[in-house]
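Undergrad: Let's see this in three dimensions:
(chains A and B)
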Protein chains: 2
Amino acid sequence: MHVSLSCLMKPVLHGYFRSSCSWRVRIALALKGIEYDQVPVNLIKDGGQQLTSQYKEINPMQQVPAVTIDGVTLSQSLAIIQYIEETRPSPQLLPTDPKKRAQVRMISDIIASGIQPLQNLYVLQKIGAEKVQWAQHFIVRGFEALEPLLKQTAGRYCVGDEISMADICLVPQVYNAERFKVDVSQFPTIKRLNQTLLEIDAFKESHPSCQPDTPSDLKS
Amino acid sequence: MHVSLSCLMKPVLHGYFRSSCSWRVRIALALKGIEYDQVPVNLIKDGGQQLTSQYKEINPMQQVPAVTIDGVTLSQSLAIIQYIEETRPSPQLLPTDPKKRAQVRMISDIIASGIQPLQNLYVLQKIGAEKVQWAQHFIVRGFEALEPLLKQTAGRYCVGDEISMADICLVPQVYNAERFKVDVSQFPTIKRLNQTLLEIDAFKESHPSCQPDTPSDLKS
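TA: Below is the predicted model:
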């Protein structure tokens, strides 16, 4: 029998403890019960380790996360999560019903295309002095859209009563909101969902405060 | 037999002729041979028709596109396209092989999360005087990452020899690049793919130059 070696190896996550997109992938791996190795890519140290020519081979966008899995290297957190979903289907991170799947993807994309890209480190470095107000503006604008949508779709979690990719996107985005001092209590559905989700082991163990590369003064 | 009325109605696309995300959805609908109605949302006129309270009910993010289909209203172009794919599977817009599907999603997300959100109208209005350089910077940065990836994944199209969601994202992004005077010939794979794809009917008939809301002086 021929078994490819790459399929026997644990997935490798190239990430950074505080990157919200890396956290998304850590949550998905934890929910699926997949063991993996982490290779930290420090986005600050040495001017940013994501900018080395070595890392550019792994992800030409020079961002985290990237995951090496089953012999391929993938970037873009939602592409990674959906690859994991399609190759390791249990527990499901997307509902079976097509309309609910669309709602999960819509909520995920509002965060992954409509909020996070506008407040990531690279963009804020280009914005300069106004960066906190800029980040707050785009997070509040996104949350103002998410709140009424989630009011319609949420049960116990973002879409109904099953954890999905939408929850995986929401919690790290709320973490970013709090870092930028956005008052999340303006958004009661978002606040309630975040609190509920943070009680779940997969969200706790993947939290930025307890990763191998979390600096000791930020560890909890 | 009970047939829901909403399923007998043509889908309605709320879009704008020049919005690259609206064009993505038009290409997908054309490739699938789905007839639909268009409701133009003029992003410029009256200070932006996407900002009305009426449109906010349709898409709380106040962006185009949004699609009403099968009795639901969805926003976020990739969520819409994947809903169409999962409910109207032929012709396939995502490959069957999970690794190829992941490559399609990765390329799509580099554009939909890594490039377009940083050069859309709303962001450029906030940037102000420096907006052309800002847009060029983020498009070039994204294309510098896409070019080596596409060199690995492309056959006749972005991933192998079948048209996919990645192609649907690429062509409107190249159109934006040209609007912002980015020299696309620096990226020979992107340039070649774009030229090949623009020969296909679904890409031609969905082009910004020939939509119901295209101003007559821009019509071709």
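
Undergrad: can you pull the buried residues of stretch A:18-35?
TA: A:18-32 (16 or more other CB atoms under 10 Å in any protein chain shown). To be clear about C-beta, it is placed using only N, CA and C from the backbone, and glycine gets the same treatment.

Undergrad: which other residues reach that stretch?
TA: When contacts are taken as CB atoms under 8 Å, 6 or more residues apart in numbering or on different chains, the neighbours of stretch A:18-35 outside the stretch itself are A:10-11, A:13, A:15-16, A:36, A:43, A:63-65, A:67, A:77-78, A:80-81, A:84-85, A:88, A:90-91, A:93, A:112, A:116, A:163, A:165, A:168-169, A:171-173, A:175-176, A:201-203, A:205-208, A:211.

Undergrad: circling back to that earlier point, quick one: which of the buried residues of stretch A:18-35 sit in helices?
TA: Here DSSP state H is the test, and the buried residues of stretch A:18-35 give A:20-32 as lying in helices.

Undergrad: quick check, nearest of those to chain B?
TA: Using CB to the nearest CB, A:C21 comes nearest to chain B of these, at 9.0 Å.

Undergrad: Can you give me the pLDDT of A:L8?
TA: What the model reports for A:L8 is a pLDDT of 68.

Undergrad: Could I get the buried residue list for the helix of greatest length in chain A?
TA: For chain A, the longest helix by residue count, based on DSSP H, is helix A:131-153. Under the neighbour-count criterion of 16+ other CB under 10 Å, helix A:131-153 has A:131, A:134-143, A:145-147, A:149-150, A:153 buried.

Undergrad: Next, see if stretch A:45-61 gets close to chain B.
TA: Yes - taking CB under 8 Å from any CB of the partner chain as the criterion, stretch A:45-61 and chain B are in contact, through A:N59, A:P60, A:M61.

Undergrad: Flag the shaky bits of chain A, pLDDT-wise.
TA: Applying pLDDT under 70 to the predicted model, the residue ranges of chain A that meet it are A:1-8.

Undergrad: Spatially central residue in it, please.
TA: A:R24 (2.3 Å; CA atoms, centre = their mean).

Undergrad: so what's the residue nearest to it when sequence neighbours are not counted up against?
TA: Closest residue to A:R24 in three dimensions, ignoring its sequence neighbours and counting by CB to CB, 6 or more residues apart in numbering or on different chains: A:S77, at 4.6 Å. Taking CB under 8 Å, 6+ apart as the contact definition, A:S77 lies against A:C21, A:S22, A:R24, A:V25, A:P65, A:A112.

Undergrad: how about 10 Å then?
TA: Under the criterion of CB atoms under 10 Å, 6 or more residues apart in numbering or on different chains, the contact list for A:S77 reads A:15, A:19-28, A:63-67, A:108, A:112, A:116, A:165, A:168-169, A:172, B:109, B:113.

Undergrad: about what we covered before: could the ones in helices among the buried residues of stretch A:18-35 go into a markdown table alongside distance to A:T73?
TA: Below are these laid out as a markdown table (distance: CB to CB, whole Å):
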| residue | distance to A:T73 |
| --- | --- |
| A:S20 | 21 |
| A:C21 | 16 |
| A:S22 | 15 |
| A:W23 | 19 |
| A:R24 | 17 |
| A:V25 | 13 |
| A:R26 | 17 |
| A:I27 | 20 |
| A:A28 | 17 |
| A:L29 | 16 |
| A:A30 | 21 |
| A:L31 | 22 |
| A:K32 | 19 |
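
Undergrad: My guess is A:E130 contacts A:L124. True?
TA: Yes - using CB atoms under 10 Å, A:E130 is in contact with A:L124, at 9.3 Å.

Undergrad: So those two - more neighbours on which side?
TA: The neighbour count for A:E130 versus A:L124, taken as other CB atoms under 10 Å in any protein chain shown, is higher for A:L124 (16 against 11).

Undergrad: for that one, what are its contacts?
TA: A:L118, A:E130, A:K131, A:V132, A:W134, A:A135, A:F180.

Undergrad: if I look at the last one, how far off is chain B?
TA: Separation of A:F180 from chain B (CB to the nearest CB, to the nearest Å): 16 Å.

Undergrad: Is A:L13 part of a helix or strand, or is it coil?
TA: strand (DSSP: H, G, I helix; E, B strand; the rest coil).

Undergrad: Identify the residues contacting it.
TA: Contacts were defined as CB under 10 Å, 6+ apart; by that measure A:L13 touches A:22, A:25-26, A:29, A:36-41, A:64-69, A:80.

Undergrad: 8 Å instead?
TA: Residues near A:L13 by CB under 8 Å, 6+ apart: A:S22, A:V25, A:R26, A:L29, A:Y36, A:D37, A:Q38, A:V39, A:P65, A:A66, A:V67.

Undergrad: Let me have those in JSON lines, adding distance to A:V159 as columns.
TA: As requested, the contacts of A:L13 are arranged in JSON lines below (distance: CB to CB, whole Å):
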{"residue": "A:S22", "distance to A:V159": "23"}
{"residue": "A:V25", "distance to A:V159": "20"}
{"residue": "A:R26", "distance to A:V159": "21"}
{"residue": "A:L29", "distance to A:V159": "21"}
{"residue": "A:Y36", "distance to A:V159": "26"}
{"residue": "A:D37", "distance to A:V159": "31"}
{"residue": "A:Q38", "distance to A:V159": "29"}
{"residue": "A:V39", "distance to A:V159": "32"}
{"residue": "A:P65", "distance to A:V159": "23"}
{"residue": "A:A66", "distance to A:V159": "27"}
{"residue": "A:V67", "distance to A:V159": "24"}
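
Undergrad: Look up the closest residue to A:I69, ignoring the ones flanking it.
TA: Beyond its immediate neighbours in the sequence, the residue positioned closest to A:I69 (CB to CB, 6+ apart) is A:P11, lying 4.0 Å away.

Undergrad: burial of the closest residue to A:K151 other than its chain neighbours, as a residue count?
TA: Counting by CB to CB, 6+ apart, A:K151 lies nearest to A:T189, which is 5.2 Å off, once chain neighbours are set aside. As a burial measure, the neighbour count of A:T189 was computed by other CB under 10 Å and equals 18.

Undergrad: Work out for me the element A:T189 sits within.
TA: A:T189 is located in helix A:188-197, with elements delineated by DSSP states H and E.

Undergrad: Report the backbone C-alpha coordinates of that helix in PDB.
TA: Listed next in PDB are the C-alpha coordinates belonging to helix A:188-197 (Å, rounded to 0.1, in the frame of the first residue of the first chain):
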ATOM      1  CA  PRO A 188     -25.800  43.400  22.200                       C
ATOM      2  CA  THR A 189     -26.100  40.400  19.900                       C
ATOM      3  CA  ILE A 190     -22.400  40.400  19.000                       C
ATOM      4  CA  LYS A 191     -21.600  40.800  22.700                       C
ATOM      5  CA  ARG A 192     -23.800  37.900  23.800                       C
ATOM      6  CA  LEU A 193     -22.500  35.600  21.100                       C
ATOM      7  CA  ASN A 194     -18.900  36.400  21.900                       C
ATOM      8  CA  GLN A 195     -19.400  35.700  25.600                       C
ATOM      9  CA  THR A 196     -21.100  32.400  24.900                       C
ATOM     10  CA  LEU A 197     -18.400  31.300  22.400                       C
END
